[in-house]
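**Student:** The following block contains a protein sequence and its predicted model.
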Amino acid sequence: MKTTIEIPEPLFRAARARARRDRTTLRALVERGLQLALAERGRHPAFRLPDASVGGRGLSARIRDVSGSRFRDLAYDDRAE
């Protein structure tokens, strides 16, 4: 399949020089790089934030209906920055 990608000029020059030194093509170098990048991603599961919630019944009645700015003021002890 043919596609077009934009590569920063310094990276392109370095890749082209490496391909010449390795007596291969830029295409082969890009293909191998993509294979390695995909394999690397496959080895690490996606990050999942652990559930750190605590038991409770949601916001207290005192702050359940306050505005966002008032909530921030309460969170910062009325010292909004």
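**Tutor:** All right, it came through fine. Here the structure is a predicted model, which is why all the values come from computation and not from measurement. Residues are numbered from 1 along each chain as shown.
**Student:** so Thr16 sits right up against Arg27, yeah?
**Tutor:** I think there's a mix-up here, since residue 16 is Arg and not Thr. No - contact criterion Cβ atoms under 8 Å: Arg16 and Arg27 do not qualify, at 11.1 Å. The C-beta positions use only the backbone N, C-alpha and C, and glycine is treated the same way.
**Student:** quick one, which of these two is more surrounded?
**Tutor:** Here Arg16 and Arg27 are set side by side on neighbour count (other Cβ atoms under 10 Å), and the busier one is Arg16, at 14 against 9.
**Student:** residues contacting the more buried one?
**Tutor:** Contacts were defined as Cβ atoms under 8 Å, 6 or more residues apart in numbering; by that measure Arg16 touches Leu26.
**Student:** All further residue positions should be reported with the first residue as 12.
**Tutor:** New numbering, starting at 12: the last item is Arg27.
**Student:** got the phi/psi numbers for it?
**Tutor:** Its backbone dihedrals place Arg27 at phi -60, psi -40, with angles given as degrees, to the nearest 10.
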